[in-house]
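Asker: below are the sequence and a predicted model for it; my questions follow.
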Amino acid sequence: MTLTSSSTISEHVGSQKLRIVIIGAGLIGPRHAQSVQRHPLTQLLAFVDPSPSAIPIAESFGVPCYPSLAELLDSKDPRPDAAIVATPNHTHVDVTIKLLETGIRNILLEKPISDDLDSAERLLAALKKHENGNENAKPNILIGHHRRFNPYVRTTKTLLNANSLGTIIAVNGLWTLLKPPLYFAPPIGSWRADKNKGGVLGINLIHDIDVLQFLFGPISRVYAEPTKPQRQENNPEHTAEEGCAVTLRFQSGIVGTFLICDVTPSPLNFETGTGENPTIPPVSSGSASDCYRIFGTRGSLSVPDMTRWSYDHVSADDGGGKEKGWNQELGVQRMPVEGGDERPFDRQWEYFVDILHGKKVGEEVGCSVEDGVRALRVVRAVRQSMEGSGPVDVQVD
């Protein structure tokens, strides 16, 4: 589903800044607010969050906080042109459908699209229903899988498109980190400890699944084994999963493995390696920090340290009879990364604003509702396999 700007927005943006409301003032909402305020063509209008703790957060950005969307729309504040949904995962679909019903059709919806596939499919159906109406009023919904805009992911995608690694054979991934108790503490964090709402699969693995499918195409089969539970030993109410080891098969024939665990001190994860999340310190210079390893017929690549290994320097035509293979020393390259200091949230927001302005955005980097559903299908299959279903086939459109 390609995002296209409506005539209403196109007419409005020529005269003034886009007015943005952020639904949810938890961990992610303020990060989006920073991107909105940094962009020269957008204005943060307000936060919407019923929690009293959201009020000082909104005040820190110089805007009001409304306890509900209805109260915002009934207020004297201007009507928002677009909304960012940064509420808990299990509320994403209901909030987004409510926005559509009130006529707010330009929405950046935080990942994952939902915590369960049935509600995600319901959003997809609702979106298609709205698209059957006025051609100039079609919804623009971007799913916030912002890592697609990370310079390390963009550089990797460019290398793959240029055939730098040859035919891709396999990929290995890691997301290993220790979450502190405060992350799960009530009242704000308690949903993260609930198997039906939180868990490392829907909160963290889904990010990596979207990146892997963005780079290598659809995943068609998974098999997963859970890690040994640690938090439940001290807190039986903590029912959310803590990790698993997964084998992956892509529709293209690529195979892979992925280990995810949020109870271990480790630098081997996307956030630590890239320095993307300001709340997670990067590792010291020279320390191991890769989270993806990609293996091809011409070379292999680790990400985000962007180290490429190959036998490109070995030639059988040099008269020495040399052959490429394990008897030769591997050549090592550190691949340059353009825009390494860019903030992915800013790049994602810039992309979305360009869409609303009707600008051509070139490569289709943004995550559509369909892409969000595909990632959720894989995560559900992983959970089913963890619970004893064995290998699980994933629906591929």
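Answerer: Cool, got the structure. Numbers count the residues shown, from 1 in each chain.

Asker: quick check: beta-bridge partners of Ala83?
Answerer: Val21, Ile107 (DSSP bridges).

Asker: roughly how far apart are it and Arg192?
Answerer: 23 Å (CB to CB, to the nearest Å). For the C-beta atoms, the positions are set from N, CA and C on the backbone; glycine is no exception.

Asker: list the contacts for the most centrally placed residue in the chain?
Answerer: Nearest to the centroid of the C-alpha atoms of the chain, with distances taken as CA atoms, centre = their mean, sits His145, at 2.5 Å. Contact analysis of His145 by CB atoms under 8 Å, 6 or more residues apart in numbering lists Lys111, His207, Asp210, Val211, Phe214, Cys367, Asp371, Gly372, Ala375.

Asker: just curious, which of the residues you listed is nearest to Ile355?
Answerer: Cys367 (12.4 Å; CB to CB).

Asker: show the backbone phi and psi for that closest one.
Answerer: phi -90, psi 120 (degrees, to the nearest 10).

Asker: Ser220 now?
Answerer: Torsion angles, degrees, to the nearest 10, at Ser220: phi -110, psi -20.

Asker: pretty sure it contacts Pro391?
Answerer: No - using CB atoms under 8 Å, Ser220 makes no contact with Pro391, being 10.7 Å away.

Asker: and the two? Which one has more around it.
Answerer: Ser220 (17 against 12; other CB atoms under 10 Å).

Asker: please tell me how far the more buried one sits from Arg377.
Answerer: 10 Å.

Asker: where do the strands sit along the stretch 101-250 of the chain?
Answerer: 106-110, 140-144, 168-176, 219-226, 243-250 (DSSP state E, counting those that start in this stretch).

Asker: of all those, which lies closest to Gln37?
Answerer: Closest among those, once you apply CB to CB, is strand 106-110, at 14.8 Å.

Asker: how far is that closest one from where the chain is centred?
Answerer: 13 Å (CA atoms, centre = their mean, to the nearest Å).

Asker: got the CA positions of that strand in CSV?
Answerer: Only the C-alpha atoms of strand 106-110 are listed here, as CSV (Å, rounded to 0.1, in the frame of the first residue of the first chain):
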residue,chain,number,x,y,z
ASN,A,106,-2.8,11.0,8.3
ILE,A,107,-1.4,8.7,10.9
LEU,A,108,2.1,7.5,12.0
LEU,A,109,1.3,4.4,14.0
GLU,A,110,4.0,3.1,16.2
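
Asker: what's in contact with that strand?
Answerer: So strand 106-110 is in contact with 6, 9, 24, 28, 32, 81-87, 92, 96, 99-100, 139-144, 348-349, 352, 356, 372, going by CB under 8 Å, 6+ apart.

Asker: please apply the same query to stretch 92-101.
Answerer: 23, 69, 83, 85, 87, 105, 107, 109-110, 112-115, 119-120, 122-123, 126-127, 130, 139, 141.

Asker: likewise for stretch 254-269?
Answerer: 168-179, 200-201, 204-205, 208, 212, 216-217, 227, 230-231, 242-250, 272-273, 283, 287-291.

Asker: buried ones among these?
Answerer: 168, 171-177, 179, 200-201, 204-205, 208, 212, 216, 227, 231, 242-244, 246, 248-250, 272-273, 289-291 (16 or more other CB atoms under 10 Å).

Asker: tell me how far the helix or strand hosting Asp354 lies from the chain's centre.
Answerer: Assessed by DSSP states H and E, Asp354 sits inside helix 344-356. Relative to the centre of its chain, helix 344-356 is centred 14 Å away, using CA atoms, centre = their mean.

Asker: now that helix: average pLDDT?
Answerer: Averaged across helix 344-356, the pLDDT comes to 93.

Asker: tilt between the following helix or strand past it and strand 243-250?
Answerer: As assigned by DSSP H and E, the chain's next helix or strand after helix 344-356 is helix 369-384. Here helix 369-384 runs at an angle of 120 degrees relative to strand 243-250 (axes from the mean of the first three to the mean of the last three CA atoms, to 10 degrees).

Asker: I'd like the next helix or strand past helix 369-384.
Answerer: That would be, after helix 369-384 and using DSSP H and E, strand 392-393.

Asker: quick one: strands adjacent to the strand or helix carrying Ile260?
Answerer: Ile260 is part of strand 255-261, with elements assigned from DSSP H and E. Its sheet considered, strand 255-261 pairs with strand 168-176 (parallel), strand 243-250 (antiparallel) by DSSP bridges.

Asker: switch the ones you listed over to JSON lines; also include mean pLDDT.
Answerer: Below are the strands paired with strand 255-261 laid out as JSON lines (pLDDT from 0 to 100):
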{"stretch": "strand 168-176", "mean pLDDT": "98"}
{"stretch": "strand 243-250", "mean pLDDT": "98"}
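
Asker: as JSON lines, these with distance to Lys157 would be great.
Answerer: Shown next, in JSON lines, are those (distance: least, CB to CB, whole Å):
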{"stretch": "strand 168-176", "distance to Lys157": "12"}
{"stretch": "strand 243-250", "distance to Lys157": "15"}
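
Asker: among these, which comes closest to Leu301?
Answerer: strand 168-176 (9.8 Å).

Asker: other residues contacting the closest one?
Answerer: Counting by CB under 8 Å, 6+ apart, 160, 200, 204-205, 207-208, 212, 216, 243, 248, 252, 254-262, 264, 266, 268-270, 290-297 sit against strand 168-176.

Asker: which strands and helices lie in contact with the helix holding Asp354?
Answerer: helix 7-13, helix 29-38, strand 106-110, strand 140-144 (3 or more CB pairs under 8 Å, 6 or more residues apart in numbering; DSSP states H and E).

Asker: if we compare those, which one ends up closest to Ile188?
Answerer: Short answer: helix 29-38, nearest of these by CB to CB, at 11.8 Å.

Asker: find the nearest non-adjacent residue to Glu121, please.
Answerer: Val373 (6.7 Å; CB to CB, 6 or more residues apart in numbering).

Asker: what's the spacing between the one you found and Val353?
Answerer: 24 Å.

Asker: tell me which of those two has more neighbours.
Answerer: Val353 (25 against 20).

Asker: is it true that that one touches Thr42?
Answerer: Yes - between Val353 and Thr42 there is a contact at 6.0 Å, judged by CB under 8 Å.

Asker: thanks a lot, catch you later.
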